[in-house]
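In: sequence plus the predicted model coming up.
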Amino acid sequence: MKPTDMFAQVGSVIASVMFAWAMFKQYCPYNLQEVIDKYSKRAFTFIYPYIQISFNEFTGDRFMRSEAYSAIENYLGSRSSTQAKRLKADVVKSSQSIILSMDDHEEVEDEFQGVKLKWAAGKHISKTQSVSFYPVTDEKKYYRLTFHRRHRQLILGDYLNHVLKEGNEIKVRNRQRKLYTNSGSYWRHVVFQHPASFESLAMEAERKQEIMDDLLVFSTAEEFYARIGRAWKRGYLLFGPPGTGKSTMIAAMANLLNYDIYDLELTAVKDNTELRKLLIDTTSRSIIVIEDIDCSLDLTGILNFVDGLWSACKGERLIVFTTNFVEKLDPALIRKGRMDKHIELSYCSFEAFQILAKNYLKLESHHLFARIQELLGETKMTPAEVAEHLMPKTISGDPTVCLESLIGGLEKAKVDAVLKAEEEVKESARLKAEEEAKEKEKEKEKAKAEEEEKAKEKDSSKAEENAKNQVKENGFCENGNAELISKEKK
Ligand SMILES: Nc1ncnc2c1ncn2[C@@H]1O[C@H](COP(=O)(O)OP(=O)(O)OP(=O)(O)O)[C@@H](O)[C@H]1O
Ligand SMILES: [Mg+2]
């Protein structure tokens with residue numbers, strides 16, 4: 001048979017089948033059609049061993065985007081970019097990164113515990129044309145998962161949970177983070193884009209690692225906290241002199257965990273009700289920051305507020321307090337359970353300086369490092385001051401100029417410290433001398449007063465004596481007069 005004849009025959013068979021199908025649809029009773037449909041589907045599933053699940057983009061009447069759909073979209077993102085031939089791109093994080101997803105009618109494969117499954121993207125074109133207040137889209141997108149029916153248990157249980165969890169985590173990683181500040185009883189936010197990281201934080205490596213581990217363990221310990229019946233919260237107290245990196249560390253914490261920051265200005269909060277409202281409005285995966293607690297409120301006020309804070313916000317939260325004067329705080333306030341981890345940020349050590357030199361000058365070593373190490377051992381300088389010396393000083397960016405500037409600064413700080421110490425000694429000697437002089441003066445005055453008292457006493461006893469004598473003399477006179485009068489009467 002010639003190929004042209006064969007095509008003609010196939011064509012006529014198809015046309016006949018289609019005609020028969022159209023006639024069947026037209027004239028066969030609806031009930032019979034349903035029965036045939038049902039049994040044909042059963043027969044199909046009997047010979048077709050795969051199960052399909054569709055996840056539609058929109059659910060419900062109000063065009064709510066399905067959370068499962070967007071989680072799957074995120075989950076499939078990386079797989080799509082390596083497997084699919086046609087991809088869709090979207091821009092997130094203020095135009096800084098591109099997120100890829102597979103285009104319609106593309107398929108990607110996935111594997112879970114040795115089981116292979118297939119995801120396909122598709123869309124239904126809706127034929128209904130309704131007039132609605134809400135904008136109507138005719139396209140209804142979906143993802144379809146196909147897997148062998150013998151894996152039903154595994155896929156419907158563990159696998160789908162895994163997809164949703166990972167998808168949501170990717171979503172959180174890709175989201176634009178926010179920095180909130182309170183104004184009245186509302187939060188206002190701006191995009192949070194702080195470049196601080198633990199890597200660039202000038203601090204001893206061991207302590208840094210300990211803090212990072214603590215944070216990471218906390219952020220993944222949901223089950224643990226649920227099991228021991230504790231709210232999933234952790235309080236940190238960062239203390240140290242100004243410019244030692246407390247605020248920088250908070251930004252590094254937020255970047256490490258991908259959390260939002262709520263910067264709570266307590267002095268702007270009117271009352272407890274307002275505070276509670278603000279706290280309830282914070283979202284999970286966030287850090288609530290209260291800076292300079294020593295100057296915000298009186299301590300009993302803070303104590304009540306901290307306990308309220310713990311109970312008012314639910315979900316995963318870090319609460320970070322900062323202060324320049326830890327010794328001013330009531331020990332009851334900073335006890336574990338309220339502020340679980342205390343972190344001291346202090347003056348710049350040589351190890352911290354090396355990190356700054358690496359960040360600012362791209363220097364691992366330099367002949368001036370030895371002198372700097374010596375000076376840092378002898379004097380105190382905050383990382384903020386050290387960093388200021390390491391800022392570019394010349395267009396050529398010569399690091400020696402910066403290091404010399406730092407050495408100059410450290411030497412000056414050392415001299416200043418000596419002068420200050422001398423000044424302090426002098427001042428305290430002066431104060432002591434003043435105190436002693438005052439004491440002497442007081443003693444003198446006291447002695448004088450005592451003398452005066454004595455003199456007064458003496459005078460008064462003398463006066464008393466005189467008075468007595470007088471009385472005696474007068475008494476004699478009066479008696480004499482009485483005698484004279486009685487003599488005259490006689
Ligand atoms: N440990 C550090 N590592 C890296 N940079 C630091 C460090 N400490 C301070 N700096 C630099 O100094 C600047 C000021 O630091 P930061 O604002 O974090 O200090 P602070 O401890 O919060 O001070 P304050 O008590 O005044 O609020 C930062 O912008 C940062 O560049
Ligand atoms: Mg600060």
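Out: Structure received. Ligands and ions are numbered 1, 2, ... in the order given.

In: going forward, measure contacts and count neighbours with C-alpha atoms only.
Out: Fine.

In: who in this structure is up against ligand 1?
Out: By the rule C-alpha under 6 Å from any ligand atom, the part of the chain lying against ligand 1 is 201-203, 241-248, 324, 383-384.

In: could you dump the residues you listed into JSON lines with secondary structure and pLDDT added?
Out: Shown next, in JSON lines, are the residues of the chain next to ligand 1 (DSSP: H, G, I helix; E, B strand; the rest coil; pLDDT from 0 to 100):
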{"residue": "201", "secondary structure": "coil", "pLDDT": "95"}
{"residue": "202", "secondary structure": "coil", "pLDDT": "95"}
{"residue": "203", "secondary structure": "coil", "pLDDT": "94"}
{"residue": "241", "secondary structure": "coil", "pLDDT": "94"}
{"residue": "242", "secondary structure": "coil", "pLDDT": "94"}
{"residue": "243", "secondary structure": "coil", "pLDDT": "94"}
{"residue": "244", "secondary structure": "coil", "pLDDT": "95"}
{"residue": "245", "secondary structure": "coil", "pLDDT": "95"}
{"residue": "246", "secondary structure": "helix", "pLDDT": "96"}
{"residue": "247", "secondary structure": "helix", "pLDDT": "95"}
{"residue": "248", "secondary structure": "helix", "pLDDT": "96"}
{"residue": "324", "secondary structure": "coil", "pLDDT": "92"}
{"residue": "383", "secondary structure": "helix", "pLDDT": "96"}
{"residue": "384", "secondary structure": "helix", "pLDDT": "96"}
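
In: so which of those residues is the most crowded?
Out: Highest neighbour count within the residues of the chain next to ligand 1, by other C-alpha atoms under 10 Å: residue 202, with 28 neighbours.

In: wait, that residue sits on residue 386?
Out: No: contact between residue 202 and residue 386 fails when scored by C-alpha atoms under 8 Å: they sit 10.3 Å apart.

In: anything in contact with each of those two?
Out: Taking C-alpha atoms under 8 Å, 6 or more residues apart in numbering as the criterion, residue 202 and residue 386 both touch 348, 353.

In: surely residue 140 is within a helix?
Out: No: counting by DSSP: H, G, I helix; E, B strand; the rest coil, residue 140 falls outside a helix, being strand.

In: OK, contacts around it?
Out: Residues counted as contacts of residue 140 (C-alpha under 8 Å, 6+ apart) are 56-58, 123-126.

In: show the pLDDT at it.
Out: We have a pLDDT of 81 for residue 140.

In: residue 66 now?
Out: 82.

In: how far away is it from residue 164?
Out: 12 Å (C-alpha to C-alpha, to the nearest Å).

In: mind checking which of the two has more residues around it?
Out: More neighbours surround residue 164 than the other of residue 66 and residue 164, with 20 against 15 (other C-alpha under 10 Å).

In: the residue lying closest to the more buried one once chain neighbours are set aside sits in which helix or strand?
Out: Nearest-residue entry for residue 164: residue 71, 5.5 Å, with adjacent residues in sequence omitted and distances by C-alpha to C-alpha, 6 or more residues apart in numbering. Using DSSP states H and E, residue 71 falls within helix 67-83.

In: how about the CA coordinates for that helix, as CSV?
Out: Taking Å, rounded to 0.1, in the frame of the first residue of the first chain, the C-alpha atoms of helix 67-83 are listed here in CSV:
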residue,chain,number,x,y,z
GLU,A,67,-0.8,28.6,49.4
ALA,A,68,-0.1,25.1,48.3
TYR,A,69,0.2,26.3,44.7
SER,A,70,2.8,29.0,45.6
ALA,A,71,4.7,26.6,47.8
ILE,A,72,4.9,24.1,44.9
GLU,A,73,5.9,26.9,42.6
ASN,A,74,8.8,27.8,44.9
TYR,A,75,9.7,24.1,45.5
LEU,A,76,9.8,23.4,41.8
GLY,A,77,11.8,26.5,41.0
SER,A,78,15.3,25.0,41.2
ARG,A,79,14.2,21.8,39.6
SER,A,80,12.6,23.7,36.8
SER,A,81,15.7,25.7,36.0
THR,A,82,17.7,22.6,35.5
GLN,A,83,15.1,20.4,33.7
